[in-house]
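**Q** model this:
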Amino acid sequence: MTTSNKVYAMPPVVDARSRILFLGSMPGTASLAASRYYGHARNHFWPIFYRLYGADTPDASYEDRLRFALAHGCALWDTIAACEREGSLDADIREAEPTDIPGLLLAYPNIELIVCNGGKSYDTLARHHGRNPEVQRRVVLKLPSTSPIPTRQHKGLEEKAAAWLEALSPFVKGRLDA
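**A** Presented below is the predicted three-dimensional model:
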């Protein structure tokens, strides 16, 4: 007997002020269990995100983190709506069904930048929506995954944060008081 390990994405966090869309691939098991974007305590997303806007430490409350993101014109979502996966690794994703990124962009036309958090997010966006005019009229960046798992190029938080800050500084400049 085969059991299904189908997992589903969470709804987007977005509002009319959103200018930057941060896209993961599919939340890991800890994030899905908590119903929180980047909910694993060791994920580097929130520390890096707060540094982008000049804050030293992320808010303790998840709700405050979401308010902080929205107040700075940032939205959160994923490129995969549903998939088969055991565990949390992107490499284990099978039968991926894409989210409706073009539909989100139509509904929130102020989004001007799409930031893909890691290669799987970028590859999924490119494969399913790369030729869509709504995606093509935005700037799309592929940044190192904020997963705590080291890569050859980005060993830990500091190296990943440096790459994110360098790539995003032209887009967040002047938005510290948004």
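
**Q** residue 41: what secondary structure?
**A** coil (DSSP: H, G, I helix; E, B strand; the rest coil).

**Q** contacting residues around the longest helix seen in the chain?
**A** Looking across the chain with DSSP state H, the single longest helix is helix 157-172. By C-beta atoms under 8 Å, 6 or more residues apart in numbering, the list of residues contacting helix 157-172 from outside reads 20, 44, 47-48, 51-53, 72, 113, 115, 139, 141, 143-146, 153-154. All C-beta spots, glycine's among them, are computed from the backbone N, C-alpha and C.

**Q** buried sites along it?
**A** 157, 160, 161, 164, 168, 171, 172 (16 or more other C-beta atoms under 10 Å).

**Q** now swap in stretch 108-126 and tell me
**A** In stretch 108-126, counting by 16+ other C-beta under 10 Å, buried: 108, 111, 113-118, 120-125.

**Q** which of these sits closest to residue 96?
**A** Checking the buried residues of stretch 108-126 against residue 96 by C-beta to C-beta gives residue 124 as the nearest, at 6.3 Å.

**Q** and the strands in the protein?
**A** 6-8, 20-24, 74-78, 80-84, 94-98, 113-117, 139-143 (DSSP state E).

**Q** chain center to the first one: distance?
**A** Taking the mean C-alpha point of strand 6-8 and that of its whole chain, the gap between them comes to 17 Å (C-alpha atoms, centre = their mean, to the nearest Å).

**Q** pass me the low-pLDDT residue ranges in the protein, would you?
**A** 1-4, 87-92, 150, 154, 173-178 (pLDDT under 70).

**Q** residue 50 contacts residue 56, doesn't it?
**A** Yes - checked against C-beta atoms under 8 Å, the pair residue 50 and residue 56 is within contact range at 7.2 Å.

**Q** those two: which has the busier surroundings?
**A** residue 50 (18 against 7; other C-beta atoms under 10 Å).

**Q** which one is that one nearest to, not counting chain neighbours?
**A** In space, and not counting its chain neighbours, residue 50 is closest to residue 58: 4.8 Å by C-beta to C-beta, 6 or more residues apart in numbering.

**Q** can you report how many residues lie near that neighbour?
**A** Residues near residue 58, counting by other C-beta under 10 Å: 18.

**Q** show the contacting residues for it.
**A** Here residue 58 is in contact with 46, 47, 49, 50, 65, 68 (C-beta under 8 Å, 6+ apart).

**Q** now the residue nearest to residue 35 when sequence neighbours are not counted: phi and psi?
**A** Nearest residue to residue 35 in three dimensions, chain neighbours excluded: residue 10, at 6.2 Å (C-beta to C-beta, 6+ apart). The phi/psi pair for residue 10 (degrees, to the nearest 10) reads phi -90, psi 160.
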